[in-house]
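Student: kindly generate the corresponding structure for this input.
(one chain, ligands or ions: 1)
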Amino acid sequence: MKTDASAFVFYCEPISCIMEPVIVMVKIIGAGLAGVEAANYLSQKQIHVKLYEMRPNRMTPAHQTGNMAELVCSNSFRSVDEHNAVGLLKREMETIGSLVLKAASRTSVPAGSSLAVDRTLFSQDIEARIRDNPYIEVIREEVDTIDVNEPTIIAAGPLASDSLTQAITSLLEQEHLHFFDAVAPIIAFESIDMKTCYFKSRYDKGEAAYINCPMDETTYQAFYQALISAATHPVKDFENNVFEGCMPIEVMAKRGPETIRYGPLKPVGLALDPANRPHAVIQLRQDDARKSMYNIVGFQTHLTWPEQKRVIRMIPGLEQAEILRYGVMHKNTYIESPKVLNQSYQAKKYRTFFRRTDQRSRRVRRMRPPVSTRPSDGSLARGQAVETFSERNGHRRDGPLCRDTECVVQTDERQSRSSFGARREAP
Ligand SMILES: Cc1cc2nc3c(=O)[nH]c(=O)nc-3n(C[C@H](O)[C@H](O)[C@H](O)COP(=O)(O)OP(=O)(O)OC[C@H]3O[C@@H](n4cnc5c(N)ncnc54)[C@H](O)[C@@H]3O)c2cc1C
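Tutor: Presented below is the predicted three-dimensional model:
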């Protein structure tokens, strides 16, 4: 298991007991999808945020604008069907007032049962809302050091700058790891031959939003041979580690002649005439609201640009394809999360405290004693206190009784009672 650099938290101030309400200032590094979502969430809790973004002053190898929440490759957030994991996750995000999902629904483009967006409008929508949020201060600077005394969310993504990556790896005492990831080409709609291609969604789920380029067996074989023998950009030895979830099409193809027919070129559910099913189908997904650009689904590639043009133009209907953006491949940096993060994506080494303080709460901010110093019967040693918290369903977690809106806090010297709203805490 891995977690890219977008998803973890340093919250390091060794607070042992806070009896008064505190408005915490949180620093967030990176205004990508994770960073803007975290900033928006904290602002809903009246917590001030300093949101650092290095673009456009310093670009990453894949981003093309200075916009927040720029989507570097696919414009799809996948299915909205809540019977599968990605759809369910969207429903869960809605319940926390997700900024990203609201922006996605405001800027969506047709994509069958998936949620896809116009990437430019999507970024602009998010940027405007972040800019207008009085709790969020945006600072356009690269962050290259981490102050472990500041509550910090690192949301710098898989293309975190080198200096920040070094700061993270030295703090976590971990060699930074990386794999390689690729981006799919985008084609001008007006250059697609719609006499050969047709609109249809797989199994006619949702609207007929995808452009389909059907191949018979002979065409597929010629295309396949061209794809596996086409020239790629030189790859250094240590770059051979590709990400299975977003693998270059030519790498997948080299695994066998049928592999891509069971992957991105799968023809099932896409025949116009059920009696005459294509041998393979390449799909294109709408990329902008004006319907002027379509990206080739699952066609991320590391082929040289002249070779991309040659191979793409072998696809039926794309013989005259105008490629607006070529596929590219980039290094992704990640950390081994099970080793260095806890279940709340909080750095284990710097986990002294990880929580927010509810303004309504006047009391009860106590640090749980280290497990090793806690008596096995759950009672408390003299001078120690236990943080208790309410869980939405009245669950009890590690500590004295917790009900929905009320917690009882025990110390060895007294019992005190305090009411505050349900909140989530790090383990
Ligand atoms: C080439 C490539 C292709 C990908 N294709 C897909 C895909 O098709 N589908 C998919 O779901 N995911 C894809 N991903 C993964 C994709 O990056 C994530 O899904 C998504 O962007 C993660 O969001 P994030 O907020 O974590 O990171 P990002 O969106 O990358 O945001 C991180 C932000 O942090 C900023 N930043 C970095 N370092 C610093 C610093 N030191 N100081 C200040 N700011 C900094 C960056 O400029 C950026 O804006 C791809 C990634 C790459 C690299």
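Student: pick out the residue of the chain closest to the ligand.
Tutor: The ligand sits closest to G32 of the chain, with a gap of 1.8 Å, by Cβ to the nearest ligand atom. All C-beta spots, glycine's among them, are computed from the backbone N, C-alpha and C.
Student: excluding its backbone neighbours, what's nearest that residue?
Tutor: The shortest distance from G32 to any residue that is not its chain neighbour, by Cβ to Cβ, 6 or more residues apart in numbering, is 4.8 Å, and that residue is G157.
Student: what parts of the chain come near the ligand?
Tutor: When proximity is defined by Cβ under 6 Å from any ligand atom, the chain lies next to the ligand at 6, 29-35, 52-55, 60, 62-63, 72-74, 142-144, 155-161, 164, 181-183, 246, 330, 332.
Student: so the residue nearest to G32 sits right up against G30, yeah?
Tutor: Yes: using Cβ atoms under 8 Å, G157 and G30 qualify as a contacting pair, with a distance of 5.8 Å.
Student: residue ranges with poor pLDDT in this protein?
Tutor: Counting by pLDDT under 70, the chain contains low-confidence residues at 1-23, 176, 235-245, 351-427.
Student: does the residue nearest to G32 sit in a helix, a strand or a coil?
Tutor: The local conformation at G157, judged by DSSP: H, G, I helix; E, B strand; the rest coil, is coil.
Student: how close does it get to E53?
Tutor: From G157 over to E53 the distance is 11 Å, taken as Cβ to Cβ, to the nearest Å.
Student: list phi and psi for the nearest residue to A289 once chain neighbours are set aside.
Tutor: Setting aside the residues directly before and after it, A289 is nearest to D118 in space (Cβ to Cβ, 6+ apart), at 4.0 Å. With angles defined as degrees, to the nearest 10, D118 shows backbone torsions of phi -80, psi 110.
Student: then K90?
Tutor: Its backbone dihedrals place K90 at phi -60, psi -40, with angles given as degrees, to the nearest 10.
Student: okay, and the common contacts of G157 and E53?
Tutor: Residues touching both G157 and E53 by Cβ atoms under 8 Å, 6 or more residues apart in numbering: G30.
Student: looking at these two, which one has more neighbours?
Tutor: Ranked by neighbour count (other Cβ atoms under 10 Å), G157 and E53 place E53 first, with 27 against 23.
Student: contacts only, for that one.
Tutor: With contacts defined as Cβ under 8 Å, 6+ apart, E53 is in contact with G30, A31, G35, G66, M68, V138, I139, R140, E141.
Student: for those, pick the one with the most neighbours.
Tutor: Comparing the contacts of E53 on neighbour count, A31 comes out first with 31 neighbours (neighbours: other Cβ under 10 Å).
Student: nearest spatial neighbour of Y294, chain-adjacent residues omitted?
Tutor: Counting by Cβ to Cβ, 6+ apart, the nearest residue to Y294 once its immediate chain neighbours are dropped is L284, at 3.8 Å.
Student: ugh, typo on my part, it should be F299
Tutor: The shortest distance from F299 to any residue other than its chain neighbours is 4.5 Å, reached at A184 (Cβ to Cβ, 6+ apart).
Student: the one you found: neighbour count?
Tutor: Taking other Cβ under 10 Å as the criterion, the count of residues near A184 is 25.
Student: how about the one 5 residues further on?
Tutor: Neighbours of F189 under the rule other Cβ under 10 Å: 18.
Student: so it sits against S292, correct?
Tutor: Yes: A contact is recorded between F189 and S292 when judged using Cβ under 8 Å, the distance being 5.3 Å.
Student: can you get me a residue count around the residue nearest to A289?
Tutor: A count of neighbours around D118, defined by other Cβ under 10 Å, yields 22.
Student: quick check, it in contact with S105.
Tutor: No: at 12.0 Å, D118 and S105 do not qualify as touching, with contact defined as Cβ under 8 Å.
Student: alright, that wraps it up for me.
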